[in-house]
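*Asks:* please find the sequence and the predicted model below.
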Amino acid sequence: MRPIPVTARLMTALVVTGLGFTGLLTAAPANATVLEAAPVASGVSAGVDDFSFSSYDADFYLGTDADGRSTLKTVETFVAEFPEADQNRGIRRAIPVEYDGHPTDVHVESVVDQNGEPRGFEAERNDDGDFLVVTVRADEFVHGAQTYTFTYTQHNVTRHADDTDVDEFYWDTVGFDSAQSFGSATARLHVPDPLAASLTGEASCYAGPYASNTPCPVTTESGDGETVITAGGVPLGARENVTIAVGFASDTFVPRDDSYLGAWQGWAQLGSGLLALAAAVLAIVWRTTGLRDARGRPTIIAEYTPPQADVFTSAVILKRTSRAAASGFVDLAVRGNLQIVEKPSEKMWSKKPEYWLQAVHSDGLTAQELEFYRLIFDDATGGSRELSKTDTALAKGVQTFLKTVRAKAIADGYYKKGTAGRSLLLSAVAFVAGVATIIFGAMLNSQDRGGALPFIPIAIGVLCVGLSWVVLARTPLTASGAELRDYLKGIELYLTVAEEDRFRMLQSPEGALKTQVTSPDGGQIVEIYEKLLPFAVLWGVEDEWAKVLGTYYENQQTQPGWYGGTAGFNAGYFAASVGSFAAASAASYSGSAASTSSSSSGGSGGGGFSGGGGGGGGVGGV
């Protein structure tokens, strides 16, 4: 196993025990392999680890569950010999939570002293989640001989050896990276009679540092309904370990099924994934058929008069609601309902001008436009209002207003009705099934089942969750809605062509019919162009259009009465001012709610552990 990130204090506090498994059960052959992974250098220094253990005794009670899988109850006793100086408050035990690539379901039942009295303890995963660290810490310093007996249970503690075709229990005891010596280390495996009948008679014991093949004593006794195999009983130096290996007939234990469908979560993820995928496919079909906009104009033609719908409905149809308020301000201004006033900033260090809206009258406004007008000039503001980013009341009012505009657009027949139910159903199924697929996949991954297979449905689930929102947010345009959309695109086309092309369009028979002007002069062009300025703001081309309009103002030696600047009229300055006003008002009243979020992260201390197999763990001073 890989080393665990630790603080310097915990590196000195933990003595790591690794456990391993091998496929060969012989009486200490010369080339026996004790573990599958090399130990990690401890880096342990004197301090809380400057003591020794007089003994280690472990009783391993092997059994099987209802499914035939191996179970293990461990009762292990450490007798620590602490110095008389105030150095230690207890010990820590690190128990690996996995063996042979799968979890062992570690459950700590108790920690007691030599009299059987409970000792308080805390158990938590280390940073990498490889070990369960059990800390036994007294409030006061402890001295002399102290006994710590740990009792815990595990599952799936055996494996099948393909080379010898036997099942084996191969377990380490105190590990290879301990800074403490042990006066004696003994392990006893208790095998109940039903399992003892499957013993092959092969049992081995190894003692010493990592990869040592030095044999140690093994004895077997039977009676009282069990067979007890005792290994060890030998002293150990620092970084030395005792390993016990016992063979059973093949198929004595049912191996853990790590396959994708070996647990109900696999079937559940498969089912939810297929459901999410089916819902997503149907949602895509629905999106491209039932939620398709009505067919609009085959060709976009230039338009140079405002549509019958107001700028707010136009903003909703074009999905440009972030510029709806700015367009609305300009629209009311050029129609004479309000005046836009530019003033020098009175704020220190600020060179940006301030913009005010001055009420004139509300004549000629539709009910929807009148609602917007009253939103600007309420009882609190009276006849004038400064446009400010800090004006949250108006910003929230614009958000609410645009919701009513969309609802009215649906009621007026610009959007199809009756599509929300099916969209909501498909979105809900895709979303719920997608989330379930992700959850079941996470459960499988936490149980080490299926390898990488759970991640495939997880990816599908994430995709389906995203698609669910795409479908839910779509409402198709009717023929009227599509016509308005294409009409507005025609205005954009007119706003962006060359001036000579625009003038030629106005002089055409169709242009004369639309504008009621057969041969427009400069003043008439100004009037036509003013009416298009709100839509230039809506399309984001107000700078260019204001320059064109400003040139006509200069040529006519006049200036707009609806816009008051800080200096004498100049076409270039007028264009820059209109652009600045549109940008400022669009940023302040975009119709989107601002939001903030925060996140926090936490962590906990861990210990340094290494080991090549199941069981065991680590022990050290605290």
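*Replies:* Done, it's in. Numbering: from 1, shown residues only.
*Asks:* list the buried ones in the helix ranked longest in the chain?
*Replies:* Longest helix in the chain by number of residues (criterion: DSSP state H): helix 420-446. Within helix 420-446, the residues that qualify as buried are 423, 426-427, 429-441, 443-445, counting by 16 or more other Cβ atoms under 10 Å. Every C-beta, even on glycine, is put in place using the N, C-alpha and C of the backbone.
*Asks:* could you say what helices and strands that helix packs with?
*Replies:* Helices and strands touching helix 420-446, as assessed by 3 or more Cβ pairs under 8 Å, 6 or more residues apart in numbering; DSSP states H and E, comprise helix 264-288, helix 455-472.
*Asks:* give me the angle between it and helix 455-472.
*Replies:* Orientation check (axes from the mean of the first three to the mean of the last three Cα atoms, to 10 degrees): helix 420-446 against helix 455-472 gives 160 degrees.
*Asks:* between helix 264-288 and helix 420-446, find me the angle.
*Replies:* Using the same axes, to 10 degrees, the inter-axis angle of helix 420-446 relative to helix 264-288 is 150 degrees.
*Asks:* where along the stretch 301-450 of the chain do the helices fall?
*Replies:* 311-318, 324-334, 367-376, 392-411, 420-446 (DSSP state H, counting those that start in this stretch).
*Asks:* including distance to E202, could these go into JSON lines?
*Replies:* JSON lines is the format used below for the helices of the stretch 301-450 of the chain (distance: least, Cβ to Cβ, whole Å):
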{"stretch": "helix 311-318", "distance to E202": "81"}
{"stretch": "helix 324-334", "distance to E202": "83"}
{"stretch": "helix 367-376", "distance to E202": "88"}
{"stretch": "helix 392-411", "distance to E202": "77"}
{"stretch": "helix 420-446", "distance to E202": "35"}
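*Asks:* wait, which of these is closest to V526?
*Replies:* helix 324-334 (10.3 Å; Cβ to Cβ).
*Asks:* can you tell me what sits against that closest one?
*Replies:* 310-312, 314-316, 338-340, 357, 365, 369, 372-373, 376, 387, 398, 402, 405, 530-531, 533-535, 537-538, 542, 560, 562-563, 578, 581-583, 585-586, 588-591 (Cβ atoms under 8 Å, 6 or more residues apart in numbering).
*Asks:* now with 7 Å, please.
*Replies:* 311-312, 315, 338-340, 357, 372-373, 398, 402, 530-531, 533-534, 537-538, 562-563, 582, 585-586, 589, 591 (Cβ atoms under 7 Å, 6 or more residues apart in numbering).
*Asks:* okay, and E109 sits in which element?
*Replies:* Element membership of E109, judged by DSSP states H and E, is strand 107-112.
*Asks:* helices or strands up against that strand?
*Replies:* strand 131-142, strand 144-155 (3 or more Cβ pairs under 7 Å, 6 or more residues apart in numbering; DSSP states H and E).
*Asks:* note down every partner strand of the very next helix or strand once past the last one and its orientation.
*Replies:* As assigned by DSSP H and E, the chain's next helix or strand after strand 144-155 is strand 159-161. When pairs are called by DSSP bridges, strand 159-161 turns out to pair with strand 166-172 (antiparallel).
*Asks:* touching, E202 and I244? I think so.
*Replies:* No: using Cβ atoms under 7 Å, E202 is not in contact with I244, being 11.8 Å away.
*Asks:* tell me which of the two has more neighbours.
*Replies:* I244 (25 against 16; other Cβ atoms under 10 Å).
*Asks:* hang on, the more buried one packs against A187?
*Replies:* Yes: using Cβ under 7 Å, I244 is in contact with A187, at 4.8 Å.
*Asks:* overlap in contacts of those two?
*Replies:* Contact with both I244 and A187 is made by residues A231, according to Cβ under 7 Å, 6+ apart.
*Asks:* any chance of the helices and strands packed on strand 107-112 in JSON lines, plus mean pLDDT, distance to D257 and mean neighbour count?
*Replies:* Output for the helices and strands packed on strand 107-112, formatted as JSON lines (pLDDT from 0 to 100; distance: least, Cβ to Cβ, whole Å; neighbours: other Cβ atoms under 10 Å):
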{"stretch": "strand 131-142", "mean pLDDT": "93", "distance to D257": "23", "mean neighbour count": "18"}
{"stretch": "strand 144-155", "mean pLDDT": "96", "distance to D257": "12", "mean neighbour count": "18"}
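*Asks:* TSV for those strands, including distance to D57?
*Replies:* Conversion of those to TSV gives the following (distance: least, Cβ to Cβ, whole Å):
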stretch	distance to D57
strand 131-142	17
strand 144-155	9
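*Asks:* quick one: closest of the ones you listed to G101.
*Replies:* Across the helices and strands packed on strand 107-112, G101 has its closest neighbour in strand 144-155 (13.8 Å, Cβ to Cβ).
*Asks:* quick one: low-confidence residue ranges for the stretch 401-550 of the chain.
*Replies:* Applying pLDDT under 70 to the stretch 401-550 of the chain flags the ranges 471-472, 498, 502-523.
*Asks:* now with 50, please.
*Replies:* 509, 511-513, 515-519 (pLDDT under 50).
*Asks:* do the chain as well
*Replies:* 1-45, 509, 511-513, 515-519, 593-614.
*Asks:* could you chop it up by domain?
*Replies:* 52-256, 259-300+416-496, 310-413+499-587 (the TED database).
*Asks:* looking at these, spot the one closest to V622.
*Replies:* Nearest to V622 among the domains of the chain is domain 52-256 (5.2 Å), distances taken as Cβ to Cβ.
*Asks:* end to end, how far does that closest one reach?
*Replies:* This stretch, domain 52-256, spans 38 Å end to end (Cα to Cα, to the nearest Å).
*Asks:* from S427, how far off is the residue nearest the centre of the chain?
*Replies:* In the chain, the centroid-proximal residue (Cα atoms, centre = their mean) is V462; its distance is 10.8 Å. V462 is 15 Å from S427, where distance means Cβ to Cβ, to the nearest Å.
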